[in-house]
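In: next one to model:
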Amino acid sequence: MLMGIGVFLFWYGYYPHALSYQEQYQLFLWTSDYLVERVSVPGGLADWLGEMIVQFYYIEWLGALLLAAVFVMLQQTVWLAAKNRRSVADASSYLLSFIPSALLLWLLGDPSVLLGYAVALTMAVAVFVLNRTEGRQGLLCDLVVVPIVYWLTGTLAWTYVALRVVVNPRRMLPLAVYMLALQLSAYHWLLTQWPLQTVLLPMQYDRIPLQLPTLMWVIPVVTVIVVMIAWRKPYRWQTPVLVTVLAVLVWQGVSRGYDKDMYELIRQDYLVRNERWDEILKRAGEYQVRTPFWCNCVNLALSQKRLLADRMFDFYQSGEDALIMPRVRDLTSMLPSAEVFWRLGMVNSAQRYMFDTQESILNGRKSGRCTKRIAECMIVNGHYKTARKHLHLLKRSLFYRTWAAEAEQLLDNEAVVNAHPVYGRLRQLRYKEDFLYSHYEIYKMLGLLFMNNHSNKMALDYFMGQMLLQGELRGFQQYMGMVQQYGGYREMPIGYQDAMICIQRQGAVPDSPYANYAKRMMAERRENDGNDEAH
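Out: Residues are numbered from 1 along each chain as shown. Sure, this is the predicted structure:
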């Protein structure tokens with residue numbers, strides 16, 4: 001109970017953004033097609049069960065509760081395996097059973113690791129607990145059970161095989177050969193589309209299966225070792241040593257397994273997704289991550305509070321990409337920029353960034369968050385047939401179903417869409433014609449967007465801010481009159497006043513936020529030019 005409560009408070013209290021991150025990179029469908037597709041490959045059932053649990057991360061406290069239950073189930077199955085050969089369990093064997101769960105907490109600090117891994121490991125150990133057959137009958141039973149476990153848990157069936165070998169070491173050669181033959185047979189006959197390493201290794205439980213975390217290998221091995229040690233007679237010193245080991249593992253897992261900068265970026269994107277602008281700015285004042293991703297989130301929050309013109313250079317700015325990043329082919333970097341495009345009224349760019357993000361999910365899953373935004377972009381643009389296709393998927397999920405059903409009522413109804421508080425406004429803000437543009441001229445696109453609709457104050461703020469970031473100082477001075485006329489400010493924003501003074505005095509302004517930014521950019525440019533000449 002204490003471990004379950006601790007795990008729940010850890011995820012819900014400190015890392016709810018990590019739960020949201022996992023949920024947004026899958027779209028679990030309650031359809032028979034989806035189930036059959038998953039269970040048609042080895043390890044598919046564990047993968048399906050993991051995804052089913054992860055969908056509940058949409059409600060953070062419920063997701064944290066279910067994740068705590070997974071940790072408890074793993075600990076309990078390991079404990080049952082540990083006492084399998086002993087009539088009475090002691091404190092040391094009970095403490096030993098917590099070690100795999102402690103390592104799992106460390107492993108899940110890698111955001112690419114899927115929950116299906118923990119489910120598969122728990123299932124493999126649970127089958128071992130249930131199968132008490134021994135001797136010749138046990139070997140015959142394993143001939144039937146091993147293929148089933150392999151199909152249920154994938155490569156982690158080796159954990160079951162190893163535990164059965166520990167019971168009777170004479171089974172080592174036949175069971176190991178049998179298990180390997182099953183994998184190679186599946187590769188040759190059923191999984192011809194999979195690389196061999198994916199068949200032999202637990203790569204299907206990693207969203208980015210390029211290099212598996214070391215702990216993915218260590219945890220099954222430690223699980224087997226824990227069971228072996230638990231079967232031996234405990235020593236008096238064993239209990240205090242185990243308490244120390246568990247404390248060290250938990251501390252190391254929390255301090256080293258959860259990279260502070262990476263999870264701060266995940267948190268900022270989570271806050272953007274939930275439009276918690278004040279909290280973004282509060283955290284930005286306490287801790288900063290010097291990346292364009294972080295800048296995009298903070299600047300978007302400033303723009304939504306109408307503080308971008310005043311306070312933009314009070315925060316770290318990475319350069320020309322601080323407001324909107326160019327396209328990056330991964331599953332995370334473009335999300336804040338896509339949110340910026342959406343709120344600016346650059347609907348096609350928002351759709352493109354969201355689509356590219358979804359297609360960058362390397363395990364081939366869809367994204368509930370991306371699919372929803374793509375459907376919204378289609379509705380704004382009047383592409384109702386395509387929107388209906390995306391809404392059809394969302395209606396077969398649990399937490400996007402209600403929204404999709406409501407959005408479906410908008411299709412083919414121009415008057416209702418035009419009257420919608422969000423979609424109708426975006427129709428007024430968006431460009432009137434479709435065209436291609438270069439990201440290097442993004443400030444011109446922002447200016448054109450504002451000229452298209454003078455009520456688009458966010459476009460004006462981004463236009464002026466982008467010119468300052470790129471050093472387009474003449475243009476900035478030229479359009480100051482437009483800020484006075486259409487900006488809606490009672491007096492000139494402090495940030496613009498500071499920039500104008502810097503321009504007039506050629507940067508000789510002590511403690512000026514914009515002057516400090518310009519000096520840093522010039523120093524970095526000289527350094528980069530020097531490196532290029534050296535190469």
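
In: show me the strands in the stretch 51-200 of the chain, by range?
Out: With DSSP state E, counting those that start in this stretch applied, the stretch 51-200 of the chain shows no strands anywhere along its length.

In: what ranges does it have for its helices?
Out: Ranges of helices in the stretch 51-200 of the chain, per DSSP state H, counting those that start in this stretch, are 60-82, 91-96, 99-107, 116-130, 135-153, 157-167, 172-189, 196-200.

In: try the stretch 251-400 of the chain
Out: Counting by DSSP H, counting those that start in this stretch, the helices of the stretch 251-400 of the chain are 260-273, 277-286, 292-304, 308-311, 335-344, 347-359, 368-380, 384-394.

In: closest one to residue 497 among these?
Out: When these are compared by C-beta to C-beta, helix 308-311 sits nearest residue 497, at 9.4 Å. Every C-beta, even on glycine, is put in place using the N, C-alpha and C of the backbone.

In: buried deepest among the helices of the stretch 51-200 of the chain, which one?
Out: Greatest average neighbour count among these goes to helix 116-130 (a mean of 25), per mean count of other C-beta atoms under 10 Å.

In: need the helices of the stretch 251-400 of the chain in TSV with distance to residue 90, can you?
Out: Below are these laid out as TSV (distance: least, C-beta to C-beta, whole Å):
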stretch	distance to residue 90
helix 260-273	38
helix 277-286	46
helix 292-304	50
helix 308-311	61
helix 335-344	50
helix 347-359	51
helix 368-380	46
helix 384-394	52
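
In: let me have the ones you listed in a markdown table, adding mean neighbour count as columns.
Out: Formatted as a markdown table, the helices of the stretch 251-400 of the chain follow (neighbours: other C-beta atoms under 10 Å):
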| stretch | mean neighbour count |
| --- | --- |
| helix 260-273 | 20 |
| helix 277-286 | 16 |
| helix 292-304 | 25 |
| helix 308-311 | 21 |
| helix 335-344 | 24 |
| helix 347-359 | 21 |
| helix 368-380 | 24 |
| helix 384-394 | 18 |
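
In: the ones you listed: which one's closest to residue 158?
Out: Among those, the nearest to residue 158 by C-beta to C-beta is helix 260-273 (30.3 Å).

In: relative to helix 292-304, how tilted is the closest one?
Out: Angular relation of helix 260-273 and helix 292-304 on a 0 to 180 degree scale: 30 degrees, by axes from the mean of the first three to the mean of the last three C-alpha atoms, to 10 degrees.

In: could I have helix 260-273 exported to CSV, CA atoms only?
Out: Extracted in CSV, the C-alpha atoms of helix 260-273 (Å, rounded to 0.1, in the frame of the first residue of the first chain):
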residue,chain,number,x,y,z
LYS,A,260,15.6,17.9,-15.5
ASP,A,261,15.8,19.9,-18.7
MET,A,262,14.0,17.3,-20.8
TYR,A,263,11.1,17.0,-18.4
GLU,A,264,10.9,20.8,-18.0
LEU,A,265,10.4,21.0,-21.8
ILE,A,266,7.7,18.3,-21.6
ARG,A,267,6.1,20.2,-18.8
GLN,A,268,6.1,23.5,-20.8
ASP,A,269,4.4,21.7,-23.8
TYR,A,270,1.9,20.1,-21.4
LEU,A,271,1.0,23.6,-20.0
VAL,A,272,0.7,24.9,-23.6
ARG,A,273,-1.7,22.1,-24.4
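
In: now the angle between helix 368-380 and that helix, please.
Out: 40 degrees.

In: list the helices and strands helix 260-273 packs on?
Out: Applying 3 or more C-beta pairs under 8 Å, 6 or more residues apart in numbering; DSSP states H and E, one finds that helix 260-273 contacts helix 16-23, helix 277-286, helix 292-304, helix 335-344.

In: rebuild those as TSV, extending it with mean pLDDT and distance to residue 351.
Out: Listed next are the helices and strands packed on helix 260-273 as TSV, based on pLDDT from 0 to 100; distance: least, C-beta to C-beta, whole Å:
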stretch	mean pLDDT	distance to residue 351
helix 16-23	97	21
helix 277-286	96	23
helix 292-304	98	18
helix 335-344	98	8
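
In: quick one, which of these gets closest to residue 156.
Out: Of all the helices and strands packed on helix 260-273, helix 16-23 comes closest under C-beta to C-beta, at 19.5 Å.

In: then the following helix or strand past the closest one to CSV, C-alphas only?
Out: The first helix or strand that comes after helix 16-23 along the chain, using DSSP states H and E, is helix 32-39. C-alpha atoms of helix 32-39 as CSV (Å, rounded to 0.1, in the frame of the first residue of the first chain):
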residue,chain,number,x,y,z
SER,A,32,-12.1,-5.3,-32.8
ASP,A,33,-9.9,-4.3,-35.7
TYR,A,34,-7.5,-2.5,-33.4
LEU,A,35,-7.3,-5.5,-31.0
VAL,A,36,-6.8,-8.0,-33.7
GLU,A,37,-4.0,-5.9,-35.3
ARG,A,38,-2.2,-5.7,-32.0
VAL,A,39,-2.5,-9.3,-30.9
